[in-house]
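1. Okay, sequence plus prediction incoming.
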Amino acid sequence: MTHRRITILGATGSVGGSTLDLVGGHEDRFSIDTLTAHRDVGGLAGLARKYRARHAVIADASLKEDLVAALAGSGITAEAGPEALCEAAMRPVDLVMAAIVGVAGLAPTLAAVRSQPVVALANKETLVCAGAFFMNEVARSGTLLLPVDSEHSALLQALGGPAFMEKPDFTAVEELVITGSGGPFRTLPEDDLERVTPQQAVAHPVWSMGSKISVDSATLMNKALELIEAKHLFSIHDARLKVLIHPQSIIHGLVRFKDGSVVAQMAQPDMRVPIAMALAWPERIMTRAATLDLAELASLTFERPDEARFPALRLARELLSAPGGGAAIANAANEYAVDAFLAGRIRFTDIVRICEETLLDADGFSRPAPANLEEALSLDAEGRRIAAVRASQSGSGAHVVGRVRSA
Ligand code: NAD
Ligand code: MG
């Protein structure tokens, strides 16, 4: 493998950190061109110095001078603002890791797809919000789009890896199954769900991740987003996409073939494994993930997902067969609601309810898929607007509920 220069969009996050861990462990293979972050100037500057980046970009335009000051004397150039983020995504490199959280990652990830040879995609919201249009851009530009999400990386490996990527062929495939741990509330009595706190929701039993995806994992909205992600990545009919609950998170994805064979990919729940797959593609490299010892684990268990307890999965089913505009609206409502929940303004159980109500208010299931970036961002803005109204109507902020109940 020739040396690869890498840009990381969202370098200060969980996926960004795991990516840098691999870069640091393979200095002969990888080096850093550009790192970006939202507002954490100190964190970004520290990483840029440590990994000898050439360029650093802070998304919040008002922090430009702070970044310039933090990088003084390092020789690393500093830029700021949304346009600088897209320009950074287009600086010629060998691979861009798209690891910004949320729809904020859509424009820079699109810019990367249009100009780079390889894009490793962690930012699933990009596909949920604008999958059809985004995948058209991937096809048009000829970029190699590699999944970073562990389930989708697993599916790609189980389908045949590089050989499948060269010549995708589903004739022998019956269905694709993504697994989910079930999150921290899989066995919590259903009545207690409305009282769970943000701290409980972000404490994932298996994975260590950013706060937004941790809450998504607790509502199972993460699985819902991943079903939509899989539909676009593999362009497969939604009826052939399934979710399996697997609390240990050792098997990440399974492909059921027509002859009765099921091929599954296993690994410790450590994002460095799927990230390494994308960074070194089509090779495999060492990671610092713990060895998987099945005898030590002794048992792996599986359950059917409970759609009554976790309505996000039902919502996903409906969105999968809808035209596509609804997914952008639901994604926006979810981002809004997760922020509101983390800020203590709504209850845990309000999150998916707000998504459902927003979809109904916006006539989401009949809205066409966005055809370009502007349409995607406009659906996103609409979803946020309606979700804000619905959140304010719920009249039941977490703290209010707590007071009412203890009175
Ligand atoms: P995180 O919150 O830990 O990090 C997010 C990164 O995006 C940070 O660097 C932050 O500075 C940047 N960012 C946030 N808002 C921004 C904005 N408005 N503009 C520009 N940059 C912004 O998130 P994460 O857990 O690393 O997840 C990143 C993405 O990867 C998400 O889409 C998530 O669903 C996906 N993903 C994460 C994991 C995981 O294990 N963490 C696994 C699979 C997929
Ligand atoms: Mg995942």
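-> Everything's here; your move. Ligands and ions are numbered 1, 2, ... in the order given.

2. Any residues of the stretch 201-350 of the chain in contact with ligand 2? List them.
-> By C-beta under 5 Å from the ion, no part of the stretch 201-350 of the chain sits against ligand 2. Bear in mind the C-beta positions are built from the backbone N, C-alpha and C, glycine included.

3. residues near the closest residue to ligand 1 within the stretch 1-150 of the chain, how many?
-> Closest contact between the stretch 1-150 of the chain and ligand 1, by C-beta to the nearest ligand atom, is at Gly13 (1.9 Å). Residues lying near Gly13 (other C-beta atoms under 10 Å) number 24.

4. give the contact list for it.
-> 99-101, 210 (C-beta atoms under 8 Å, 6 or more residues apart in numbering).

5. How is Leu254 assigned, secondary-structure-wise?
-> The local conformation at Leu254, judged by DSSP: H, G, I helix; E, B strand; the rest coil, is strand.

6. Show me what it is bridged to.
-> In this entry, Leu254 is beta-bridged to Val177, Ala264, by DSSP bridges.

7. residue ranges of the helices in the stretch 201-350 of the chain, please?
-> For the stretch 201-350 of the chain, the helices defined by DSSP state H, counting those that start in this stretch cover 211-219, 221-234, 272-280, 294-297, 312-320, 325-342, 350-361.

8. Return the distance of the residue of the stretch 1-150 of the chain closest to ligand 1 relative to Glu296.
-> Look at Gly13 and Glu296: by C-beta to C-beta, to the nearest Å, they are 31 Å apart.

9. three-state assignment of Leu145?
-> Following three-state DSSP, we place Leu145 in the strand state.

10. which non-adjacent residue is nearest it?
-> Nearest residue to Leu145, sequence neighbours excluded (C-beta to C-beta, 6 or more residues apart in numbering): Val138, at 4.9 Å.

11. so the one you found sits in a strand?
-> No. Going by three-state DSSP, the assignment for Val138 is helix, not a strand.

12. for it, what are its contacts?
-> So Val138 contacts 113, 119, 145 (C-beta under 8 Å, 6+ apart).

13. Which single residue in this structure comes nearest to ligand 2?
-> Per C-beta to the ion, Asp149 is where the chain lies closest to ligand 2, at 4.2 Å.

14. That residue and Ala122 touch, don't they?
-> Yes. Taking contacts as C-beta atoms under 8 Å, Asp149 lies within contact range of Ala122: 6.7 Å.
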